[in-house]
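Novice: got a predicted structure here, sequence first:
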Amino acid sequence: IREAEKLACYQPAIMSDGHRVEVVANIGAAAEAEQAVNAGAEGVGLLRTEFLFLNRSQPPSEEEQLAAYSEMTQALNGLPLIIRTLDIGGDKAVPYLNLPAEENPFLGVRGIRLCFQRPDLFKSQLRAIYRASQTGPVKIMFPMISTLEDIRSAKKLAEEVRLEVGADPVDIGMMIEVPSAVMMADEFAKEVAFFSVGTNDLTQYVLAMDRGHPALAKQADGLHPAVLRMIHQTVQAASAAGKWVGVCGGIAGDPKGAVILTGLGVAELSISIPSVAAVKAKLRGLSFAKTQDIAKRALKCRNAQEVRALL
Ligand code: PEP
Ligand code: MG
């Protein structure tokens, strides 16, 4: 029986009425791609590339980045790899960038905003990604997009780099982690191939509660109906445009979160490696219709405790 349980993690998450959810992993180091595959992940839905830039005295070269990304495409052996471009600023300090201190770092020059200020860093990363895309199925994802100008500028730069490198186009997606991106999701859906909801940041920005604040940790729950309604709105806007939505924030790896997100129509759950087997097993034991019913009721709850009590 233990052997059968172990092998089950390699089976897809097909629900009792045939609906399938992609279960992929969040990783933040080159060696984790292989671990993700061994744990049953069907690819990588979020590569946090910050690991290449932190704890060192200068930025990584294009070649070093290419080597890291190619190691991952090789380990994934044809499974998809979504590479998120650099997401520093906020709480992640990088001494060699000499970033000025900010009053409100989470509302400051973070993620894509920093990349626009440092096109040298951004372009070398994009060059490495496009070169790595010649070694396996890579998609690009931009973090902290808050305006349409952000996504248009990021795409324009990516296209310039792609032509320089001579690579084929790849799917470009964006993180949904800022309320303005949710409210404008119908417009954003015209710009990208997919959305991935970053519920860690979306919860922080929707509830105005610092994601790392110890006194607010219990209240800052990604299953709060305010966050779930935002995700619902995002899925509606994406599906009207024929685009798919994933979730890569922490609630996707929480079995209760996985059930509700599935019911909201989220197609891909990107979760920590140790959660893969349990989330797949949980979904296999349910019908899509049942999760849709739970999700509908969750949207009508008044707080996160009520949502959690549904399951
Ligand atoms: C998120 O914000 O939910 C997310 C997945 O990105 P990060 O945790 O790296 O900010
Ligand atoms: Mg985030």
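Specialist: That came in fine, so what should we check first? Residues are numbered from 1 along each chain as shown. Ligands and ions are numbered 1, 2, ... in the order given.
Novice: give me the pLDDT for Ile1.
Specialist: At Ile1, the model reports a pLDDT of 61.
Novice: tell me how many other residues crowd Glu164.
Specialist: If you count neighbours by other CB atoms under 10 Å, Glu164 ends up with 12. Placement of C-beta: from N, CA and C, glycine included.
Novice: thought it was touching Arg127?
Specialist: Yes - with contact defined as CB atoms under 8 Å, Glu164 and Arg127 form a contacting pair (7.2 Å).
Novice: so what's whichever residue of the stretch 51-200 of the chain sits closest to ligand 2 closest to, chain neighbours aside?
Specialist: Nearest residue of the stretch 51-200 of the chain to ligand 2: Gly198, at 3.8 Å (CB to the ion). Using CB to CB, 6 or more residues apart in numbering and skipping the chain neighbours, the partner closest in space to Gly198 is Glu177 (3.5 Å).
Novice: try Ser180
Specialist: Counting by CB to CB, 6+ apart, the residue nearest Ser180 is Ser146, at 5.0 Å.
Novice: how about the one you found, what does it touch?
Specialist: For Ser146, the contact set (CB atoms under 8 Å, 6 or more residues apart in numbering) comprises Val178, Ser180, Ala181.
Novice: of those - the most surrounded one?
Specialist: Busiest of the contacts of Ser146 [other CB under 10 Å] is Ala181, holding 27 neighbours.
Novice: phi, psi for the closest residue in space to it that isn't next to it in sequence please.
Specialist: Sequence neighbours aside, Ile145 is the residue nearest to Ala181 in space, at 5.7 Å (criterion: CB to CB, 6+ apart). Main-chain dihedrals, Ile145, degrees, to the nearest 10: phi -80, psi 120.
Novice: heads up, I number from 47, so please use that
Specialist: Shifting the count to begin at 47 puts that one at Ile191.
Novice: so what pLDDT did Ile191 get?
Specialist: 98.
Novice: how about the nearest residue to Phe139, chain neighbours excluded?
Specialist: Phe isn't right for residue 139; it's Ala. Leu145 (7.6 Å).
Novice: again with Gly157
Specialist: Closest to Gly157 by CB to CB, 6+ apart is Met190, at 2.8 Å.
Novice: distance check, that neighbour against Leu100.
Specialist: Distance, Met190 to Leu100, by CB to CB, to the nearest Å: 17 Å.
Novice: with Glu108 instead?
Specialist: In terms of CB to CB, Glu108 sits 18 Å off from Leu100.
Novice: give me the mean pLDDT for the one helix or strand Met187 maps to.
Specialist: Using DSSP states H and E, Met187 falls within strand 184-188. The pLDDT scores in strand 184-188 average 99.
Novice: got a list of contacts for it?
Specialist: 92, 115, 119, 126-131, 157-158, 172, 175, 178, 196-197, 200, 204, 216-221, 239-240, 242.
Novice: please redo it, this time with the cut-off set to 6 Å
Specialist: Outside strand 184-188, the residues that touch it by CB atoms under 6 Å, 6 or more residues apart in numbering are 127-131, 158, 175, 178, 200, 216-220, 242.
Novice: how about the strands in the chain?
Specialist: 59-60, 66-73, 90-94, 127-130, 184-188, 218-222, 240-243, 290-293, 314-317 (DSSP state E).
Novice: dump those strands into TSV; add mean neighbour count and distance to Val273 as well.
Specialist: Output for these, formatted as TSV (neighbours: other CB atoms under 10 Å; distance: least, CB to CB, whole Å):
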stretch	mean neighbour count	distance to Val273
strand 59-60	18	23
strand 66-73	23	18
strand 90-94	26	18
strand 127-130	25	20
strand 184-188	24	20
strand 218-222	26	11
strand 240-243	26	9
strand 290-293	25	10
strand 314-317	26	15
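Novice: for those, give me a markdown table that also has distance to ligand 1.
Specialist: Shown next, in a markdown table, are the strands of the chain (distance: least, CB to the nearest ligand atom, whole Å):
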| stretch | distance to ligand 1 |
| --- | --- |
| strand 59-60 | 20 |
| strand 66-73 | 7 |
| strand 90-94 | 5 |
| strand 127-130 | 8 |
| strand 184-188 | 10 |
| strand 218-222 | 7 |
| strand 240-243 | 7 |
| strand 290-293 | 8 |
| strand 314-317 | 8 |
